[in-house]
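A.B. asks: any chance you can model this:
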Amino acid sequence: MSSFSHREMELLSALRRAGGSARGTELAKVMNVSEETVRRTIKSLATSGALVRVHGGAYLIGTRSDPSFFRRINKHAEEKRLIATTIAGIVTDGMTLFLDVGSTTAFVAEELRHHHADLTVVTNSIGVAQTLVNINGNRVHMLGGELQSNERGTFGHVAERQARRFAYDVAVLSSDALSAERGFLYLSAAEAHLATEIAASAQQVLMGIDRHKFGATAPHCGPEPEAVHQVVSDQAPRGRLSAALRSWNIDVTTAQ
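C.D. replies: Prediction:
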């Protein structure tokens, strides 16, 4: 006989149907319970070893999902939360925004959920869409295209074509590396291509990048540095990277 409660069994079942991982906001909607109930249930199941609890959600041990998105969102979480709070302070009610699939951007969506209203949000992120839909009068548009489960988002020419049809007040993007020589770099070619398309359609482009990506490398170039208006980070870049950002006329905001 199972030692799990009915609520715990329900949550485990919902996780399996979601492919092995999900954010708390998604589970709350599927189970028709409060996010606090989901958090308590996840905590209990994590204690018993049935799943792994991470910031924003949980994953079943041994599923294909466990190493990717949730590992990234749990890495340097405090820095990402600081960056997200600063970016949310730049956004005003009623704006049209693009939010990408980056783990830092997931924190931005959570901040916007609690502090802003009447947003038009365009995203290729399943998590961002779930976080902001039907909240405070927001309108959420999910881009089509090929779904990549490791990124929990959509990519490809369909997503890029649809993305060009919006006029963004602010695009909130992330990248895997920031190089003084090459600018904003990505591990995924599809993500680099989509970010480039978005940057060309936005009045203001914000990059949320934690200090651990300074000077790192990745194989694919994203938006031209001159297309980016502001970098928000938990630490000010120094040396050659600082000089490069100045030469590209990119403002740097250090999250406090």
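
A.B. asks: can you tell me which residues contact residue 193?
C.D. replies: The contact partners of residue 193, by C-beta atoms under 8 Å, 6 or more residues apart in numbering, come to 155, 160. Glycine gets a C-beta too; all of them are placed from N, C-alpha and C.

A.B. asks: what about it, distance to residue 165?
C.D. replies: Using C-beta to C-beta, to the nearest Å, residue 193 is found at 16 Å from residue 165.

A.B. asks: do the same with residue 44
C.D. replies: The spacing between residue 44 and residue 165, counted by C-beta to C-beta, is 45 Å.

A.B. asks: got any ranges where the stretch 1-150 of the chain has weak pLDDT?
C.D. replies: Within the stretch 1-150 of the chain, the set of residues satisfying pLDDT under 70 comprises 1-2, 61-74, 149-150.

A.B. asks: coming back round to it: so between residue 44 and residue 165, which is more surrounded?
C.D. replies: Ranked by neighbour count (other C-beta atoms under 10 Å), residue 44 and residue 165 place residue 44 first, with 17 against 10.

A.B. asks: gap between that one and residue 180?
C.D. replies: 47 Å.

A.B. asks: just give the number of residues close to residue 189.
C.D. replies: 12.

A.B. asks: what are the phi and psi values for it?
C.D. replies: According to degrees, to the nearest 10, the main-chain angles of residue 189 amount to phi -60, psi -40.

A.B. asks: these two touch, right, it and residue 218?
C.D. replies: No: with contact defined as C-beta atoms under 8 Å, residue 189 does not count as touching residue 218 (10.3 Å).

A.B. asks: mind listing the helices for this protein?
C.D. replies: Taking DSSP state H, the helices of the chain run over residues 6-17, 24-31, 35-48, 69-74, 77-90, 103-115, 126-132, 157-163, 189-200, 239-247.

A.B. asks: adding distance to residue 212, write the ones you listed out as a markdown table.
C.D. replies: Formatted as a markdown table, those follow (distance: least, C-beta to C-beta, whole Å):
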| stretch | distance to residue 212 |
| --- | --- |
| helix 6-17 | 29 |
| helix 24-31 | 25 |
| helix 35-48 | 26 |
| helix 69-74 | 11 |
| helix 77-90 | 8 |
| helix 103-115 | 11 |
| helix 126-132 | 21 |
| helix 157-163 | 27 |
| helix 189-200 | 18 |
| helix 239-247 | 13 |
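
A.B. asks: just say which of the ones you listed is most tucked in.
C.D. replies: helix 126-132 (a mean of 24; mean count of other C-beta atoms under 10 Å).
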